[in-house]
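Peer 1: got a structure for you, letters missing:
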Ligand code: GDP
């Protein structure tokens, strides 16, 4: 069965690995967020696409949750010593990938094609597609002002509370080649346990992707990124409390109104009743086996 996963780069990437461990080779297409992308020190960085690539290829630093295992930081330290930006952490191994991507983008190779070539180099059988090849950037409106996503998330350590999120460029963004066809061909569409505002929101802000989900034939199942009403990592619980009024499963399903048929939630979050089908299981992916079990359970729910 062909499966499409909409995903960010943290919880999303670990869930993607669980799916890849479960599904037959070639059945998984991942549509990744590009709202976090940035240009810094002359290179184009796609943090979520890279986390997906590194995680699936076994190159990720599992403990840190981003970047490459065995990383060193000499180039960044040198850049900093010459007065360059060093607040966005780029390791030496990581920079090698960014150099290759940036060179190809400058030669007008689209991001989807660049990503396909990188995936091919790893020998992976899953496809990773950027949601769009067009420029789409997440901005946050906070109590301290409006910031481009990484300025707030990394440079300001996401300390300011968020009132609103804006996806610059979304109105003109077209789905990357292959995205719409994958959604039409899918036997199941899944939404990863990723941040609905920061990771899935930018993907759904591409209107043709949202419309494809609204008119889906396959079932669409999301996995909640909350465990016991708390984010496993990152600012989601604070964001949901402030922007949606709470951190229950209903507050998560409200982010995906009309787009999902079921939500997989953790045992710690099970409510008495709900408007939508809730499937209860253990959702904490503390190791690769736990991610595979969560993927299997989610696929069962997607198959009805
Ligand atoms: P980002 O691109 O790095 O921000 O990563 P994602 O948006 O893909 O993932 C961040 C979200 O994943 C956070 O809201 C976490 O609560 C959630 N998350 C991380 N690990 C787990 C896990 O093991 N289980 C569940 N259910 N959610 C998780």
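Peer 2: That came through, no problem. Since the model is a prediction, treat every value here as computed from it, not as a measurement.
Peer 1: for the record, mean pLDDT for stretch 281-298?
Peer 2: Averaged across stretch 281-298, pLDDT comes to 97.
Peer 1: same deal with stretch 257-273?
Peer 2: Averaged across stretch 257-273, pLDDT comes to 92.
Peer 1: for residue 285, helix, strand, or coil?
Peer 2: coil (DSSP: H, G, I helix; E, B strand; the rest coil).
Peer 1: what about it, neighbour count?
Peer 2: 22 (other CB atoms under 10 Å). Quick note: C-beta positions are derived from backbone N, CA and C, even for glycine.
Peer 1: phi and psi next, for the closest residue to it other than its chain neighbours.
Peer 2: Excluding the flanking residues, the one nearest residue 285 by CB to CB, 6 or more residues apart in numbering is residue 291, at 4.0 Å. Dihedral pair for residue 291: phi -70, psi -40, per degrees, to the nearest 10.
Peer 1: test my guess that residue 291 contacts residue 21.
Peer 2: Yes. Using CB atoms under 8 Å, residue 291 is in contact with residue 21, at 7.4 Å.
Peer 1: neighbour count winner among those two?
Peer 2: Taking other CB under 10 Å, residue 291 and residue 21 do not tie; residue 291 has more neighbours (26 against 15).
Peer 1: can you pull the contacts of that one?
Peer 2: 14-15, 17-18, 21, 285 (CB atoms under 8 Å, 6 or more residues apart in numbering).
Peer 1: now do 10 Å
Peer 2: 11, 13-22, 55, 193, 283-285 (CB atoms under 10 Å, 6 or more residues apart in numbering).
Peer 1: likewise for residue 26?
Peer 2: Counted by CB under 10 Å, 6+ apart, residue 26 has contacts 2, 125-127.
Peer 1: and it, how far from residue 96?
Peer 2: Counting by CB to CB, to the nearest Å, the gap from residue 26 to residue 96 is 28 Å.
Peer 1: same deal with residue 20?
Peer 2: Taken as CB to CB, the span from residue 20 to residue 96 is 24 Å.
Peer 1: am I right that residue 154 is in a helix?
Peer 2: Yes. According to three-state DSSP, residue 154 belongs to a helix.
Peer 1: so it is in contact with residue 47, correct?
Peer 2: Yes. Residue 154 is in contact with residue 47 according to CB atoms under 10 Å; the separation is 9.3 Å.
Peer 1: joint contacts of these two?
Peer 2: What both residue 154 and residue 47 touch, as defined by CB under 10 Å, 6+ apart, is the set 36, 38, 88.
Peer 1: how about the helices of the protein, start to end?
Peer 2: Residue ranges of the helices in the chain, as given by DSSP state H, are 11-22, 47-56, 74-81, 92-106, 111-122, 149-150, 179-185, 201-204, 207-214, 236-244, 249-253, 288-302.
Peer 1: next, format the ones you listed as a markdown table and append distance to the ligand.
Peer 2: Converted to a markdown table, these look like this (distance: least, CB to the nearest ligand atom, whole Å):
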| stretch | distance to the ligand |
| --- | --- |
| helix 11-22 | 2 |
| helix 47-56 | 5 |
| helix 74-81 | 19 |
| helix 92-106 | 15 |
| helix 111-122 | 16 |
| helix 149-150 | 10 |
| helix 179-185 | 18 |
| helix 201-204 | 10 |
| helix 207-214 | 17 |
| helix 236-244 | 4 |
| helix 249-253 | 10 |
| helix 288-302 | 7 |
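Peer 1: closest one to residue 162 among those?
Peer 2: helix 236-244 (5.3 Å; CB to CB).
Peer 1: which strands and helices sit next to the closest one?
Peer 2: Contacts defined by 3 or more CB pairs under 10 Å, 6 or more residues apart in numbering; DSSP states H and E place helix 236-244 against strand 162-168, strand 226-227, strand 230-231, helix 249-253.
Peer 1: what comes into contact with the third one?
Peer 2: Contact with strand 230-231 is made by 10-11, 193, 195, 225, 236-240, 247, 266, 268-269, as judged by CB under 10 Å, 6+ apart.
Peer 1: run the last query once more with 7 Å
Peer 2: Strand 230-231 is contacted from outside by 225, 237, using CB atoms under 7 Å, 6 or more residues apart in numbering.
Peer 1: equivalent analysis for the last one, please.
Peer 2: Residues external to helix 249-253 that are found in contact with it (CB under 7 Å, 6+ apart): 196, 224, 226, 240, 244-245, 260, 263, 265, 269, 271, 274, 276, 278.
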